[in-house]
Every structure is written in structure tokens, then in C-alpha cells.
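J.: Here's my sequence, what's the structure:
(one chain, ligands or ions: 1)
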Amino acid sequence: MKSHDTVFPDELEHLAMIQSRLDAALQDAEASAGRMERQYTNTRQYMSDARGEIDPNEMFQTELLLKQADQTGAFAAEVCLRLAKLKDSPYFARIDFRETGSQESFSYYIGRFSFRHGYELLIFDWRAPISGMFYDCEPGPAGYEAPAGRIDGELTKKRQFCIKDGFMEYAIESSSNIQDDVLQRELSRTSSEKMKSIISTIQKEQNQIIRNEHAHTLIIQGVAGSGKTSIALHRIAFLLYRLKHQLSARNVTILSPNKVFGDYISNVIPELGEEPIFELAFSDLAEIQLGQTVGFEPERDPLDPDHDEYHQRTRFKSTIGFKQLLDAYIKKLPDTVFQPSDYSFGGFTAKKEWIQKRFRAYEKHPVKQRLKMIADDICDLFASENIMKDEIPRTGAVLKNLTSMLTIKNSLALYRDFYKSLKKPSMLVLPSKRTLEWADVFPYLYLTAAFEGLKESKITRHLVIDEMQDYTPVQYAVINLLFPCPKTILGDFGQSLNPDHLHTLEDLRLLYHDAEFVMLNKSYRSTYEIISFAKQLQDNPSLEAVKRHGEKPVITACCDNRDKMNQIKKLLSSFEKSGAMSLGLIAKTNTEAKTLYDILSKEFDLHLISPESSTFHNGISVTSVQMAKGLEFDEVLIPDADSSSYRTDYDRNLLYIACTRAMHRLTLMYVDELSPFVKTD
Ligand SMILES: Nc1ncnc2c1ncn2[C@@H]1O[C@H](COP(=O)(O)OP(=O)(O)OP(=O)(O)O)[C@@H](O)[C@H]1O
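T.: Here you go, the predicted structure:
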């Protein structure tokens, strides 16, 4: 234990007792895992030796036994793994609580997982109801919602511990600044290759979001570094624990902006003892839904100054007004696209009025599915009238006939017709045959949903959408059709980086008017100095920095590009000697990042993070603002903070995103003139 922390002999004793119980439990678990393994191997051996000699009943029983041994073995191995993790760091907090009416306080130790030995629950899972008091309450009156109802009382003690490799690094008794103290230590650490869990320092306002079990849709708007992604992942771990009979990891999907980000966050949920969850990008979704029928071109760089008309088309499709135009078109669709006539077969006839009535009765279904239902109805009708046992048509033949009554036959033609109806046919451009531009993919799918239907996800029961500001109202409309389940939607409209996206937070709230909405204004990632600096880039007076101090950001004026390259190299060399884990060299665009990478990789060991990358590594990363979003680095270097690179309002956002990726150090370099958004006082 470090000398400046309080020494609690009782805590050292308690830790020793827990360690010995964990040792015993681990021994038992390993023995049981070994038994299971032997049983499995023996049963398999028996099955293979006796194949053909034992009767099918016995074989079936043996197969069941094998399956059981396999499952129990996997469970035993999982228990061993958890116990080993607990041995490293069994708990991080203790609360003493006295229930109203009782004379005695009881101690509860809180850790990553619960640990029961014999009849005694020695460690409580951080997600247990009673553990909530650790995050929500200071010593004094306190209470929590137990499964059987609310329990009130008094919190008589609160302690925090940092136990690593089985040793207590520090222990702190609660005082008013206890949370701050432990939080400061956590935030001062260097970055890690993957995002980490934050269970020992979750803040009260974050805890309320994590433990919100009831919101169907929860929208979190939070400033850069406020912990949105961490909270969303902890919320999932919490829901998996609390709703374990209704929700498993395979029922949760996260829509994330790119594969590097997916890789970066992939450890948090397994670290919390749950199976990894399914990660998906919007482009994956599009591929699944479009199948073989229609292709699409990947999104072009929104910061590419060429392709003026492309940007104009994208902007037009990014608003809530555009979604309303689609809605109006879809509303009229049944009347315009289906023109029924009488259908006759032999002596049987279905009148067009009757067909129209059936068509209207199925209004909740997509047009083409309605036709299938009507084809069944017609066959049923003819069958009921078929007293003479005449030949009646097959459903397929009726459907073919009904389909010929459609004035538009496929979704692509329908999508084209939509722009014709708006008198804006030029807003639809196919880069090649049956290939859509990215901005058309989701509007096209939205129309397809009304015309042919989409494949709805039956497995996903909770959807997380990160970087919510990046998606347009039509994309949300499609998501709602595909995933009618509860959602956690998070992001920061202050970090919009697509100048072709004109939608706002208000639009999103309009789309989810029943959603619970929370705002987070405190940034935890960066030092006070970095956030104070970033504040000049964002018109957000509520942006608040955590009080962790570091160096002031450095602004380096360079004589010319050659001088700049030398300065960059100097900084990279000193980073390599510094012991820090990660440095992000963040250029404005992907093309500029690639150019820098090509030059510098001759002398330094670098990782280029481009839209094609899929993993995140420690060390020096060269990347663009677009790809750096959501990530963090110990140190950030912005090599082109000049007025020619960062001058528009969107550039201001970009610079804000780049600066707020830094945890401890930030350097900006420029040639000629500094960006007007940066003040040098
Ligand atoms: N309560 C906390 N205790 C310790 N660390 C925290 C806490 N809250 C947030 N952090 C840390 O702050 C950093 C930022 O968190 P996170 O990436 O979840 O924020 P974000 O709001 O999603 O950021 P951005 O929008 O800028 O990508 C992470 O390193 C995270 O571990």
C-alpha cells in the first residue's frame, strides 16, 4: 500500500480472508472442471467404441449426457476464469449500511462479479441493487430499490480500494472528495489499446443512465469525452444482468461508425463478464437488406471539395423534410401503384371492388405482401363457391395476375418515380447500373419497406446506436422498421462532421418523441487545460472539464512545410522516449493522413487508420478527424491548424473533435496563418 493512503489493518485482514476463500473456490472449480472434462472424454470414447453395438435409445441417452457434460464443462471453465479474475482484483468498494429499524450495520463489498462461498455472499456484483448506493449516495441517509421494494436506512461507511494482482495498492475512506480522488487517479493513467470498464468510478449522473431499466428509447447527448460510449456499454452489461431471463448478449446489437471503433470498444462487455455483443455498421445493414438486387457505392469523403452536385443531392436527402416527402409519397402509394381489375378463372370471378376492399383491409402490410394475401383470399373465395368441384387456379397464378395490376413493378422503378413526382428527377443519379449512391440507400430501403417489405430483426432485443449525429432521419426511420426493440442512442451534435448533413438534435427528438433524453456536460477524457482550450471551438457554455490538470496545449508556428515536417519528427521522437502509450497524428482528411503516413513511415513505426482499417493499436497512429472520432490518445498532434485548413463552421467542429481526442497533451502546428478559431493568449 502506498504511504500517503490510509492504512486499514482490518481491510488487509479482510483481503487475506477473501483471497484464501477464493483460492479454495478456485481449487474446487478446477477440480470440477477436470471431472467434467474426464467425463466428457470417457463418454466420447464409449460412444466411439460402442457405435453400432448399443441400441438407439441408449445412444440417444449417451448423446444427451455428452451434451450435458460439454455444457457443464464450459460453465465450470467460465467459473474458473471468473475466480481467477476476482483473485487479481476481488472488489473495489465497501459500503456499510444500516436498515431503518435495525441496530446493526452490515458491510457489503462490491466487485466486478459476485462471489459466494458456502452460504455467504462475500462480494456483490456492481450491478446488484444494493451496490447502486455506492454510486448514488454519500454517508448519511440512503436507500435502494430491492426486488421486493424500497429499502431505506443509513450508509455508515464508504471505502474505495484499488487491488491489483491481489495486492492492495490503495484504500481510501469516504470524505466529500473521495470520488474525485479515485477518479483523478484513474483518469491520469495512460491510455490503453482497448476501451476499459469504469465500474469503480462511475459517476452519479452516469449511474442513473446505466441503471435505467425502463426507458424504451434512451437518447444521450453528451459533450466529447463525457463517457457516452462507456455508459452505453455498461448499461448493456447492466441490462444483461438484470434481465437475464429475457435478454442475452446475442440479443444486443451495436451500430458503430466503423470497424476500428468496433475493435476499440470490443473488450468492455467481455471485461464485465458478458459474452461479446454483435457489432454492425450501417453499410453492413444495407448489404443485408439489399441482397443481390441492388448495389451501392461507399460513402464519398464528405470533405472532398469536388463533386458539387453529389454533395447537393446528399444534403437534400439529409433533412427531416425529405423524410416527410417520402412519407407523403408512401401514403398515396396504394392508390397510385395498384389499379385492380376483375379477376376471372373459368366460371369464377373476383370483382375489382372486392379486390380493392381486401387490398385496403391489409393496409398494415407492404404492397407486394398484400397481393400474396389477396391471392390466398381469392383461392379461398373460389374454393368456397366451388360446389361442382371445378378446377380452380393455384395461388401462384392468381398472384401473377394481381402483380400485373401494379403500375410499377419494382422498388428501383418506384424510387425513380418518387423523384419524378417531386419534379426533381435529377436528384437521383446511379453511379452505375443498379448501383445507388450512399445517400440513396436508406431512402430506397424506406420505400422498399412499404412496397416489398424488409427483413426485420427477430433476434435483436436491444439496439445501441453510437455517434447518433451521423445518421439522417430516413436512416432512423429504416432502423425503426428493422429494429422495433428498445434502443440506447448516443452521440454529440457538437461533433457532426458531415457538412452534407443538415438534420439537428431537435429532428432526432421529433422522431423519438417518447424517448427519455439526458444531457452530459462534463468531460472526463481530457485535462482541464485541453478542455478549456477546446471550449473556444464550441459554442457550448455548459461544457465542463473535470479538474485534472496537465500541460497547456502547445501551438507551434512553422516557417514552411519543411520546418513543419522537422517539428513533427522531433515530437514523434520525444513521444517514443516518453513512456506514453499512444499518440494520434490527426490530419483533416483521409487523403492528407495517407500523405503524412507515406512520408513519416520511412522513419517511424506508424499505424495508418483509414476507412479500410479494422483494428486499433497503441503507438503512433496517423489518421483523419473522421476516423479519430470516438477514439482517444495520450497525446494528439494536429499538423495543419492553419487558416486554410480550418476556416468554416464545419471546420470548427472538426478541430474540436481532433483536440478532444487528447487525454494528456495536445500540440497544434501551422504554417503562415493560424486558424481563426484558435486564440493564442
Ligand atoms: N466515470 C468515469 N470514470 C473513469 N473514466 C471515465 C469515466 N467516464 C468517462 N471516463 C473516461 O473518459 C474517456 C471518454 O469516455 P467515452 O469515450 O465513453 O466518452 P464519449 O462521450 O463517448 O466521447 P466522444 O464523444 O468524445 O467519443 C474514456 O477514457 C473513459 O474511460
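J.: residue contacts, residue 384?
T.: Going by CB atoms under 8 Å, 6 or more residues apart in numbering, residue 384 touches no other residue. Where C-beta positions appear, they are placed from N, C-alpha and C, glycine not excepted.
J.: Can you tell me which residues in the stretch 501-650 of the chain are near the ligand?
T.: Taking CB under 6 Å from any ligand atom, the part of the stretch 501-650 of the chain that reaches the ligand is made up of 524-525, 630, 632.
J.: What is the lowest-pLDDT residue among those residues?
T.: Within the set of those, pLDDT is lowest for residue 630 (92).
J.: any idea how far the one helix or strand residue 123 maps to is from the chain center?
T.: Per DSSP states H and E, residue 123 falls inside strand 120-125. Centroid separation for strand 120-125 versus its chain: 30 Å, with CA atoms, centre = their mean, to the nearest Å.
J.: partners of that strand, with directions?
T.: Sheet pairing here is set by DSSP bridges, and for strand 120-125 it gives strand 106-111 (parallel), strand 115-117 (antiparallel).
J.: residue of the stretch 51-200 of the chain with the smallest distance to the ligand?
T.: residue 198 (4.0 Å; CB to the nearest ligand atom).
J.: Map the structural domains onto the sequence of this protein.
T.: Here the domain assignment for the chain is 9-88, 92-203, 231-301+453-523, 308-445, 530-670, based on the TED database.
J.: now these as JSON lines including distance to residue 221?
T.: Shown next, in JSON lines, are the domains of the chain (distance: least, CB to CB, whole Å):
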{"stretch": "domain 9-88", "distance to residue 221": "34"}
{"stretch": "domain 92-203", "distance to residue 221": "17"}
{"stretch": "domain 231-301+453-523", "distance to residue 221": "5"}
{"stretch": "domain 308-445", "distance to residue 221": "17"}
{"stretch": "domain 530-670", "distance to residue 221": "11"}
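J.: Of all the ones you listed, which one is nearest residue 217?
T.: Nearest to residue 217, of all the domains of the chain, is domain 231-301+453-523, at 3.9 Å by CB to CB.
J.: What parts of the stretch 51-200 of the chain come near the ligand?
T.: 183, 186-187, 196, 198.
J.: what do you get if the cut-off is 8 Å, keeping everything else the same?
T.: Within the stretch 51-200 of the chain, the positions near the ligand by CB under 8 Å from any ligand atom are 183, 186-187, 191, 195-196, 198, 200.
J.: Quick check: the two most widely separated of these?
T.: Checking those with CB to CB, the most distant pair is 191 and 200, at 17.5 Å.
J.: re the thing from before, mind picking the two most distant members of the residues of the stretch 501-650 of the chain next to the ligand?
T.: Checking those with CB to CB, the most distant pair is 524 and 630, at 14.6 Å.
J.: I'd like the next helix or strand past the helix or strand of the chain with the lowest mean pLDDT.
T.: Using mean pLDDT, DSSP states H and E, helix 178-188 stands out as the lowest-scoring helix or strand of the chain, at a mean of 77. Note on helix 178-188: by DSSP H and E, the next helix or strand toward the C-terminus is helix 204-210.
J.: any idea of the mean pLDDT for the helix or strand following that following helix?
T.: Once helix 204-210 ends, the next helix or strand along the chain (criterion: DSSP H and E) is strand 217-222. Strand 217-222 shows a mean pLDDT of 96.
J.: Parallel or antiparallel, list what pairs with strand 217-222.
T.: Under the rule (DSSP bridges), strand 217-222 has strand 487-491 (parallel), strand 516-520 (parallel) as partners.
J.: Tell me the gap between that strand and the middle of its chain.
T.: 12 Å.
J.: So is it next to the ligand?
T.: Yes: judged by CB under 8 Å from any ligand atom, strand 217-222 comes into contact with the ligand at residue 222.
J.: neighbouring contacts of that strand?
T.: Taking CB under 8 Å, 6+ apart as the rule, strand 217-222 contacts 209, 212, 228, 231-232, 235, 468, 486-493, 505, 508-509, 512, 514-521.
J.: Now the element after that strand, going C-ward?
T.: Later in the chain than strand 217-222, the nearest helix or strand by DSSP H and E is helix 228-242.
J.: Quick check: which helices or strands does that next one pack against?
T.: Contacts defined by 3 or more CB pairs under 8 Å, 6 or more residues apart in numbering; DSSP states H and E place helix 228-242 against helix 204-210, strand 217-222, strand 252-255, helix 268-271, strand 462-465, strand 487-491.
J.: ok so, going back, can you redo the strands paired with strand 120-125 as JSON lines with mean neighbour count and mean pLDDT?
T.: Formatted as JSON lines, these follow (neighbours: other CB atoms under 10 Å; pLDDT from 0 to 100):
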{"stretch": "strand 106-111", "mean neighbour count": "20", "mean pLDDT": "96"}
{"stretch": "strand 115-117", "mean neighbour count": "16", "mean pLDDT": "90"}
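J.: just so I know, which of these lies nearest residue 437?
T.: Nearest of those (CB to CB): strand 106-111, 51.0 Å.
J.: How about residues contacting the closest one?
T.: Under CB under 8 Å, 6+ apart, the answer for strand 106-111 is 14, 18, 86, 89-98, 122-126, 128, 130-131, 134, 157.
J.: Does the closest residue to residue 545 other than its chain neighbours belong to a helix, a strand or coil?
T.: Excluding the flanking residues, the one nearest residue 545 by CB to CB, 6 or more residues apart in numbering is residue 531, at 3.4 Å. Classification of residue 531 using DSSP: H, G, I helix; E, B strand; the rest coil returns helix.
J.: show me the contacts for residue 531.
T.: Contacts of residue 531 (CB under 8 Å, 6+ apart): 225, 523, 543-546, 660.
J.: what separates stretch 545-555 from the chain centre, distance-wise?
T.: 29 Å.
J.: and that stretch, which residues are buried?
T.: 545-546, 548, 550, 553, 555 (16 or more other CB atoms under 10 Å).
J.: Name the pair among the residues you listed with the greatest separation in space.
T.: 546 and 555, at 23.2 Å, using CB to CB across the buried residues of stretch 545-555.
J.: Do a quick rundown of the strands in the stretch 301-450 of the chain.
T.: Here the stretch 301-450 of the chain has its strands, by DSSP state E, counting those that start in this stretch, at 343-345, 348-350, 435-436.
J.: Kindly present these as a markdown table, with separate columns for mean pLDDT.
T.: Below are these laid out as a markdown table (pLDDT from 0 to 100):
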| stretch | mean pLDDT |
| --- | --- |
| strand 343-345 | 87 |
| strand 348-350 | 87 |
| strand 435-436 | 96 |
